[in-house]
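Enquirer: 3D, please:
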Amino acid sequence: MTKRTRKFLCSLFLLLLVLAAVAPFVSAVPQKVFDEADLLTESQIASLEEQMNALISQLDLDLVVVTTDDTGGKTSRAYADDFYDNGGFGVGSDKRGVLFLIDMDNRQAYLSTCGKGIDYLTDARIDRILDGVVAKLKAEDYYGAAQVFLSKTKGYVKSGVPDNQYRYDEDTGKVTSTQRSRALTGGEVLLCLGMGLTAGLITAGIVAVKYKLKYKESAYPYREKSRVRMTDREDIFVRRYITSHRIETHSGGGGSSGGSSTHSSSSGSTHGGGGRGF
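Expert: Next up is the predicted model:
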């Protein structure tokens with residue numbers, strides 16, 4: 001074996017060691033975009049993957065984008081829920097996250113929510129996301145639709161769960177959970193009262209010291225200096241105008257601004273979500 005050959009083999013061995021060390025870190029970045037319908041370019045997929053992995057760390061919420069042209073006879077909802085459950089997606093013990101499906105088979109856009117994602121994306125919020133998403137899909141801008149999904153979802157998660165948000169079973173209509181502001185404990189109430197009383201006493205003491213003056217009756221000749229002038233005034237009713245305006249209601253959200261409808265997937269997991277045709 002020549003010196004050059006030994007040098008080459010050593011270099012190759014070192015390269016294999018480096019690749020073996022780097023491989024676990026490369027594989028640790030999970031796939032989040034599944035373009036089964038081949039609607040996106042490679043560069044668009046790479047861009048979405050980069051954005052989504054950054055948002056997942058930022059929002060502490062899983063995000064998945066799926067396109068398909070064959071649901072195997074399933075509805076968009078069933079396909080999205082099963083894809084999420086079978087793929088093992090979700091952050092934390094509640095598997096919180098949101099999956100955005102572009103279903104070319106049923107021509108529907110669908111959002112499947114799970115865990116805390118159900119609370120962040122109420123029916124009304126999902127409806128607003130679909131407004132922007134469907135507009136892009138009708139123009140065949142699939143990458144733009146995914147961008148709208150990410151942008152609006154980020155905004156809603158950042159703004160937090162709506163006040164008095166609640167979940168309800170869409171089959172029975174029964175409210176299953178509510179989101180309310182945390183009540184103060186007895187100790188916190190006493191602490192607040194004590195702080196308020198202390199602040200009041202300090203303020204009262206400062207004012208008493210500052211304005212410690214003897215009362216002196218005013219010698220102002222108010223009888224001589226005051227005048228009252230009475231004038232007549234009359235209001236005459238002429239006519240009345242009544243203008244009516246119909247308030248439009250937006251359908252398709254499945255509830256008020258704080259409600260999140262839920263259902264069970266084929267695996268028994270609880271999901272929220274909503275979809276719309278394009």
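
Enquirer: quick one, strands of the chain?
Expert: 33-35, 62-68, 97-103, 108-114, 166-169, 175-178, 259-264, 270-277 (DSSP state E).

Enquirer: Of those strands, which shows the lowest average pLDDT?
Expert: Ranked by mean pLDDT, these end with strand 175-178 at the bottom, a mean of 86.

Enquirer: Give me the sheet partners of it and which way each runs.
Expert: For strand 175-178, the paired strands and their directions (DSSP bridges) are strand 166-169 (antiparallel).

Enquirer: Can you mark which positions in the partner strand are buried?
Expert: For strand 166-169, burial by neighbour count (16 or more other CB atoms under 10 Å) applies to Tyr166, Arg167, Tyr168. The way it works is simple: take the backbone N, C-alpha and C, and place the C-beta from them, glycine included.

Enquirer: Quick check: of those, which lies closest to Val66?
Expert: Minimum distance to Val66 across the buried residues of strand 166-169 is 24.1 Å, recorded for Arg167 (CB to CB).

Enquirer: Any stretches of the stretch 1-150 of the chain with poor pLDDT?
Expert: 1-28 (pLDDT under 70).

Enquirer: quick revisit: adding distance to Ser267, write the buried residues of strand 166-169 out as JSON lines.
Expert: Converted to JSON lines, the buried residues of strand 166-169 look like this (distance: CB to CB, whole Å):
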{"residue": "Tyr166", "distance to Ser267": "24"}
{"residue": "Arg167", "distance to Ser267": "19"}
{"residue": "Tyr168", "distance to Ser267": "21"}
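
Enquirer: Contact partners for the closest residue in space to Leu48 that isn't next to it in sequence?
Expert: Among residues not flanking Leu48 along the chain, Val33 sits closest, at 5.0 Å (CB to CB, 6 or more residues apart in numbering). Going by CB atoms under 8 Å, 6 or more residues apart in numbering, Val33 touches Leu40, Ile45, Leu48, Glu49, Met52, Val64, Val65, Val66, Ala146.

Enquirer: could you redo the last one with a cut-off of 6 Å?
Expert: Ile45, Leu48, Glu49, Val65 (CB atoms under 6 Å, 6 or more residues apart in numbering).

Enquirer: So which of these sit within helices?
Expert: If you go by DSSP state H, the contacts of Val33 have Ile45, Leu48, Glu49 in helices.

Enquirer: do you know how far the closest residue to Ile118 other than its chain neighbours is from Tyr142?
Expert: Spatially, and ignoring its direct neighbours in sequence, Ile118 is nearest to Gly272 (3.7 Å; CB to CB, 6+ apart). For Gly272, the distance to Tyr142 equals 24 Å [CB to CB, to the nearest Å].

Enquirer: Looking at those two, which is more packed in?
Expert: Ranked by neighbour count (other CB atoms under 10 Å), Gly272 and Tyr142 place Gly272 first, with 26 against 20.

Enquirer: Run through the bridge partners of that one.
Expert: Counting by DSSP bridges, Gly272 is bridged to Thr113, Thr262.

Enquirer: one step back: tabulate the contacts of Val33 (CSV), appending neighbour count and distance to Thr178.
Expert: Listed next are the contacts of Val33 as CSV, based on neighbours: other CB atoms under 10 Å; distance: CB to CB, whole Å:
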residue, neighbour count, distance to Thr178
Ile45, 19, 39
Leu48, 21, 35
Glu49, 16, 36
Val65, 24, 31
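
Enquirer: Go ahead and confirm Val66 touches Asp103.
Expert: No: judged on CB atoms under 6 Å, Val66 makes no contact with Asp103 at a distance of 8.6 Å.

Enquirer: Please identify which of these two sits among more neighbours.
Expert: Higher neighbour count among Val66 and Asp103: Asp103, with 25 against 22, using other CB under 10 Å.

Enquirer: Contact partners for the closest residue to the more buried one other than its chain neighbours?
Expert: Distances taken as CB to CB, 6+ apart place Ser76 nearest to Asp103, at 4.4 Å, with adjacent residues excluded. By CB under 6 Å, 6+ apart, the contact set of Ser76 is Asp103, Asn106, Gln108, Tyr110, Gly275.

Enquirer: same deal with Ser269?
Expert: By CB under 6 Å, 6+ apart, the neighbours of Ser269 are Asp85.

Enquirer: Could you report the distance from it to Leu197?
Expert: 51 Å.
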